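Q: Following is a predicted model, sequence given first.
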Amino acid sequence: MLDRAVGLVEAAEHHVQVCLTPEQFDRLRDALAGAHERGVYVQLSIHSLDGDVDVDSVDVEGYCTEMRARSRGAPFVVIADHTSVCYASNPRRPDEYGVVVNDRNHAYVFLWYFLTNLWEFWDTVYTDRDSEYPRTYLEIRRCVRDVAPLVDEGARVAVRVVGYDVETGHHRDFVGEVVDVDYEGPEGENGPRSLQSLAGKTSLYVETDDGDVVSVGGFGAIVEEIEADRVVVEAVDAPDASDA
């Protein structure tokens, strides 16, 4: 499974999500370094089968974009470009097995397993992202969670969208301004409360330079015009207080 996972990481173009132990990280280190150098967004969830992992002993700079640490064991998971998956059950289970998936529909199940169980609830211990713009999002739900409060406050949010036309499958790459967001789920005081609250339909509406408003969805988009591989928030201009 580790050998197959190396191949997936080496072939990734946009996004890699990984859950593994420090020992497994050592096996994937070269492949992850290559992916990170190519600009692939790498999310690394690391854990130990024996309890809390010593994160200070794991040097991940240059190997991932973000790392979070779990306090308990987990399966080995690698998801590449939301399409291909390597999954191996916890080696301490009596029915240890591995699965390789090369299907977008089935990969979607593993994607949500990763986000909800292996990522969202755990603390970030490393990131090479900063608070400045441009800021890249590979998951539109994370983008909407951050952008929705800005749009509600009247800020101008300039974005670049890279993805595919849902009807034709043709590659699309365009810039514009977010004029609206749409999502199903409860709201908090500052927009969507959690990634889970965005599990349903989640869309951005982007006005392009020629005046067209384009609907943008994430992985598996159906009702939107564009399925985004990445959304780059290029700049945010807060509303002038004098205009309030």
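A: Looks like it came in fine.
Q: now do the same end-to-end measure for stretch 165-175.
A: Distance between the boundary residues of stretch 165-175 (C-alpha to C-alpha, to the nearest Å) amounts to 15 Å.
Q: Repeat that for stretch 203-215.
A: 7 Å.
Q: same thing with stretch 99-119?
A: So stretch 99-119: terminal residues 21 Å apart, C-alpha to C-alpha.
Q: Lowest-scoring secondary structure element of the chain by mean pLDDT?
A: strand 191-192 (a mean of 50; mean pLDDT, DSSP states H and E).
Q: Would you mind identifying the next helix or strand past it?
A: Downstream of strand 191-192, the next assigned helix or strand under DSSP states H and E is strand 202-208.
Q: next one: the top helix by length along the chain to chain centre, how far?
A: Counting residues, the longest helix in the chain under DSSP state H turns out to be helix 22-37. Its chain's average C-alpha position is 18 Å from that of helix 22-37, according to C-alpha atoms, centre = their mean, to the nearest Å.
Q: Let's see that helix as PDB, backbone CA atoms only.
A: Taking Å, rounded to 0.1, in the frame of the first residue of the first chain, the C-alpha atoms of helix 22-37 are listed here in PDB:
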ATOM      1  CA  PRO A  22       6.000   9.100  11.500                       C
ATOM      2  CA  GLU A  23       7.400   5.800  10.200                       C
ATOM      3  CA  GLN A  24       5.100   5.800   7.200                       C
ATOM      4  CA  PHE A  25       5.900   9.500   6.700                       C
ATOM      5  CA  ASP A  26       9.600   8.500   6.300                       C
ATOM      6  CA  ARG A  27       8.600   6.100   3.500                       C
ATOM      7  CA  LEU A  28       6.600   8.900   1.600                       C
ATOM      8  CA  ARG A  29       9.000  11.700   2.400                       C
ATOM      9  CA  ASP A  30      10.600  12.000  -1.000                       C
ATOM     10  CA  ALA A  31       7.300  11.800  -2.900                       C
ATOM     11  CA  LEU A  32       5.700  14.400  -0.600                       C
ATOM     12  CA  ALA A  33       8.700  16.700  -1.000                       C
ATOM     13  CA  GLY A  34       8.300  16.500  -4.800                       C
ATOM     14  CA  ALA A  35       4.600  17.200  -4.700                       C
ATOM     15  CA  HIS A  36       5.100  20.200  -2.400                       C
ATOM     16  CA  GLU A  37       7.800  21.600  -4.700                       C
END
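Q: what's the average pLDDT for it?
A: The average pLDDT within helix 22-37 is 95.
Q: Can you name the next helix or strand after it?
A: strand 41-46.
Q: shaky segments in the protein?
A: For the chain, the stretches with pLDDT under 70 are 51, 91-92, 185-200, 240-244.
Q: before we move on, the earlier item: which other helices and strands does the longest helix of the chain contact?
A: helix 2-11, strand 15-20, strand 41-46 (3 or more C-beta pairs under 8 Å, 6 or more residues apart in numbering; DSSP states H and E). Backbone N, C-alpha and C define where each C-beta goes, glycine included.
Q: buried residues in it?
A: 24, 25, 28, 31, 32, 35, 36 (16 or more other C-beta atoms under 10 Å).
Q: now the helices and strands packed on helix 22-37 as CSV including mean neighbour count and distance to residue 54?
A: As requested, the helices and strands packed on helix 22-37 are exported to CSV (neighbours: other C-beta atoms under 10 Å; distance: least, C-beta to C-beta, whole Å):
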stretch, mean neighbour count, distance to residue 54
helix 2-11, 18, 21
strand 15-20, 25, 15
strand 41-46, 22, 10
